[in-house]
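Novice: 3D model of this:
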Amino acid sequence: KAVSGIRLSLIALANGRFEEAGRIAINSAIEATAANRQDPDMATRIVATARGVIEKAIRGIMARSV
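Specialist: Have a look, this model is predicted:
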């Protein structure tokens with residue numbers, strides 16, 4: 001579930017839907033940390049990707065508001 005969420009957040013980011021991308025990325029990171037025992041490597045990748053998506057989303061929001 002976390003993997004599909006992070007994919008959706010990347011698609012939303014590419015389409016300029018920054019708020020939605022950030023929300024989905026946060027939810028995916030939470031889901032990944034909850035499932036950390038099942039696959040710790042994948043959870044780490046998802047959290048790292050979510051961090052990047054959130055950073056890009058913030059930059060996109062800031063650029064749009066200037």
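Novice: so which helix or strand takes in residue 25?
Specialist: Secondary structure from DSSP states H and E places residue 25 in helix 18-34.
Novice: Using neighbour counts, pick out the buried residues of that helix.
Specialist: 18, 20-29, 31-32 (16 or more other CB atoms under 10 Å). For the C-beta atoms, the positions are set from N, CA and C on the backbone; glycine is no exception.
Novice: Out of those, which is nearest to residue 41?
Specialist: Distance to residue 41, by CB to CB, is smallest for residue 32 among these, at 10.7 Å.
Novice: got the contact list for that closest one?
Specialist: Neighbour list for residue 32: 2, 6, 42-43, 46-47, 50 [criterion: CB atoms under 8 Å, 6 or more residues apart in numbering].
Novice: okay but residue 61 is in contact with residue 18, surely?
Specialist: Yes: between residue 61 and residue 18 there is a contact under CB atoms under 8 Å: 4.9 Å.
Novice: Tell me where this protein has helices.
Specialist: Secondary structure of the chain by DSSP state H: the helices cover 2-14, 18-34, 40-65.
Novice: how about those helices in CSV, adding mean pLDDT?
Specialist: Formatted as CSV, these follow (pLDDT from 0 to 100):
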stretch, mean pLDDT
helix 2-14, 93
helix 18-34, 93
helix 40-65, 92
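Novice: hmm, back to that, so the helix holding residue 25 versus helix 2-14, what angle?
Specialist: 160 degrees (axes from the mean of the first three to the mean of the last three CA atoms, to 10 degrees).
Novice: Work out which residue lies at the spatial centre of this structure.
Specialist: Using CA atoms, centre = their mean, the residue of the chain that lies closest to the mean C-alpha position is residue 25, 2.3 Å off.
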